[in-house]
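Undergrad: From the sequence below, what's the structure:
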Amino acid sequence: MNHILKGDHGKRIVVIENEFGEIDIDSDLVAFQDNGEEDIMLLNNGCLCCTVRGDLVDMLGKLVTERKGQFDHILIETTGLANPAPIIQTFYLEPELLDTLRLDGVVTLVDSKHAMMHLDEEKPEGVVNEAQEQVAFADRLVMNKTDLVSDAEIRTVENRVRAINNLASIQRAKQAEVDLDFVLGIGGFDLDRVQDVVDPEPEAHSHSHSHAAKEDHGHSHDSKCEDPACDDPSHSHSHSHASTDHGHSHDGEETECEVCGEHGHSHSHHVHDDTVSSVSLAMDGEVDLDLVNDWLGMLLNDRWQDLYRMKGVLAIEGCDDRYVFQGVHALFEGMPDRAWEDGEARSSKLVFIGKELDREELEAGFKACAVGAPAGAGAA
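TA: Numbers count the residues shown, from 1 in each chain. The predicted structure follows:
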């Protein structure tokens, strides 16, 4: 926030702080303070800074009515508010905001030096890990303090957050300085951008992954790799609950473990199962809209608290246009997108981010929506 408030960027930005006193703003940055509106300060760079002392909706309404035309963006810094979902839902549920403001996206700043400690923190049964939750809701992830960790360590953190949220774009930063174009104009809640997120260009996400890593969950199988951190889906893994073998050799060569940086032929690390994760599904052919509505309706009814975000592109039987949708918990919206092009293969893609997701159950339910699928194929 300080970087934004001090920046000479020419953008007219409102920053709403949960507690204004927690941000260090030099006194010479304050150009004007209206005594009649003590919770709004005008800064030298043209930004407005506010503090949330009352209801957020009242503050936003006040900005729209009393400061109309004076700003281009509003940034809400959720200090002390671990879960972004209530703020996201505010923009969809409050009638007075629907016609005046558009939710652009969620940005999560990741402390690269200490993130793994927080992501691995064990919580009481039924309590969600706040760090995983904040990563899960993000459209943009800023990997901060990269100057305090090695390249191997930052790759490990990036792979970890990618496993939680494979929709978000990542950018590295030092001292929280990041290009404003990365955190403004995101379009994370624009339906016409769903396709770009669900099926991104290969270069859209940069990450690294060791194909030497072998996990063993007590069984092995030959299948496509479904590790979101992996850039080669064609190879297969075997899986283990207890340990991950990071650094075994190829042709006698020692490799460096991306987790700890040690060299050696083989050593193990305790693996923490992420409560929050991503599940991506794809299916060729068309789907039956009624079956999709029934399936998603059942999911939202039974698991809405565990489904943080979802996005999808559907090929619907009898429809010349692609159908795009997204959801946040029980909030769901969708619409027809562009027409299918001549010769374009019709297929559907879904991405779920949430708590304790069952990939096999979701995949079975999705396949049961295919045109021509056997009746009851997706039943538990």
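Undergrad: What mean pLDDT does the helix or strand containing residue 327 get?
TA: When elements are assigned from DSSP states H and E, residue 327 belongs to strand 321-328. Across strand 321-328, pLDDT averages out at 94.
Undergrad: Give the pairing partners of it; include direction for each.
TA: strand 307-314 (antiparallel), strand 331-339 (antiparallel) (DSSP bridges).
Undergrad: among the ones you listed, which is nearest residue 132?
TA: Nearest to residue 132 among the strands paired with strand 321-328 is strand 307-314; the distance by C-beta to C-beta comes to 9.8 Å. For the C-beta atoms, the positions are set from N, CA and C on the backbone; glycine is no exception.
Undergrad: ok, and what's touching the closest one?
TA: 85, 133, 136-137, 167, 194-195, 197-199, 276, 287, 289, 292, 299-300, 322-329, 337, 348-355 (C-beta atoms under 8 Å, 6 or more residues apart in numbering).
Undergrad: Show me where the chain has its helices.
TA: 2-6, 56-66, 85-93, 95-98, 115-119, 130-136, 151-164, 180-183, 194-198, 289-303, 359-367 (DSSP state H).
Undergrad: need those helices in CSV with distance to residue 281, can you?
TA: Listed next are the helices of the chain as CSV, based on distance: least, C-beta to C-beta, whole Å:
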stretch, distance to residue 281
helix 2-6, 37
helix 56-66, 35
helix 85-93, 23
helix 95-98, 31
helix 115-119, 25
helix 130-136, 17
helix 151-164, 16
helix 180-183, 28
helix 194-198, 10
helix 289-303, 12
helix 359-367, 5
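Undergrad: most packed of those helices?
TA: Highest mean neighbour count among these (mean count of other C-beta atoms under 10 Å): helix 130-136, with a mean of 22.
Undergrad: How about residue 70, nearest residue that isn't a chain neighbour?
TA: Spatial nearest neighbour of residue 70, chain neighbours left out: residue 12 (6.5 Å); criterion: C-beta to C-beta, 6 or more residues apart in numbering.
Undergrad: An error on my part: the question was meant for residue 362.
TA: Leaving aside its sequence neighbours, residue 362 sits nearest to residue 279 (C-beta to C-beta, 6+ apart; 5.6 Å).
Undergrad: looking at it, residue 182 is touching residue 141, isn't it?
TA: No: using C-beta atoms under 8 Å, residue 182 makes no contact with residue 141, being 10.1 Å away.
Undergrad: okay, and the common contacts of these two?
TA: The contact sets of residue 182 and residue 141 overlap at 169, 171 (C-beta under 8 Å, 6+ apart).
Undergrad: low-confidence ranges in the stretch 51-200 of the chain?
TA: Low-confidence segments of the stretch 51-200 of the chain (pLDDT under 70): 51-54, 79-82, 200.
Undergrad: again, only using 80
TA: Applying pLDDT under 80 to the stretch 51-200 of the chain flags the ranges 51-55, 78-82, 126-128, 199-200.
Undergrad: Could you report the neighbour count for residue 113?
TA: 16 (other C-beta atoms under 10 Å).
Undergrad: Which residues are in contact with residue 329?
TA: 85, 89, 304-305, 307-308.
Undergrad: Out of those, flag the one nearest to residue 364.
TA: Nearest to residue 364 out of the contacts of residue 329 is residue 307 (C-beta to C-beta; 16.6 Å).
Undergrad: Pull up the per-residue confidence for that closest one.
TA: Looking at residue 307, its pLDDT stands at 94.
Undergrad: What residues are recorded as beta-bridge partners of it?
TA: Here residue 307 sits in beta bridges with residue 354, as judged by DSSP bridges.
Undergrad: Can you tell me the number of residues neighbouring it?
TA: The number of residues near residue 307, taken as other C-beta under 10 Å, comes to 21.
Undergrad: Return the distance of it relative to residue 316.
TA: Distance from residue 307 to residue 316, counting by C-beta to C-beta, to the nearest Å: 21 Å.
Undergrad: Now do the same contact list for the residue lying closest to residue 192 once chain neighbours are set aside.
TA: Nearest in space to residue 192, with sequence neighbours left out and distances taken as C-beta to C-beta, 6+ apart, is residue 337 at 6.9 Å. By C-beta under 8 Å, 6+ apart, the contact set of residue 337 is 191-192, 194-195, 313, 321-324.
Undergrad: now those in CSV, with distance to residue 149?
TA: As requested, these are arranged in CSV below (distance: C-beta to C-beta, whole Å):
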residue, distance to residue 149
191, 37
192, 37
194, 33
195, 34
313, 36
321, 46
322, 41
323, 42
324, 37
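Undergrad: just the residues you listed now: which is nearest residue 69?
TA: Set against residue 69, the nearest of the contacts of residue 337 by C-beta to C-beta is residue 192 (26.1 Å).
Undergrad: Pretty sure that closest one sits against residue 326.
TA: No: counting by C-beta under 8 Å, residue 192 stays clear of residue 326, with 11.0 Å between them.
Undergrad: the more surrounded of these two?
TA: More neighbours surround residue 326 than the other of residue 192 and residue 326, with 22 against 11 (other C-beta under 10 Å).
Undergrad: The more buried one pairs with what?
TA: Assessed by DSSP bridges, residue 326 has beta-bridge partners residue 311, residue 333.
Undergrad: what's the spacing between it and residue 313?
TA: Residue 326 is 10 Å from residue 313, by C-beta to C-beta.
Undergrad: Mutual contacts of the two, please.
TA: Residues touching both residue 326 and residue 313 (C-beta under 8 Å, 6+ apart): residue 194.
Undergrad: contacting residues around the nearest residue to residue 325 once chain neighbours are set aside?
TA: Of all residues not flanking residue 325 in the chain, residue 334 sits nearest, at 3.1 Å (C-beta to C-beta, 6+ apart). By C-beta under 8 Å, 6+ apart, the residues touching residue 334 are 191, 323-326.
Undergrad: what's the farthest-apart pair in those?
TA: Going by C-beta to C-beta, the pair spanning the contacts of residue 334 furthest: 323 and 326, at 11.5 Å.
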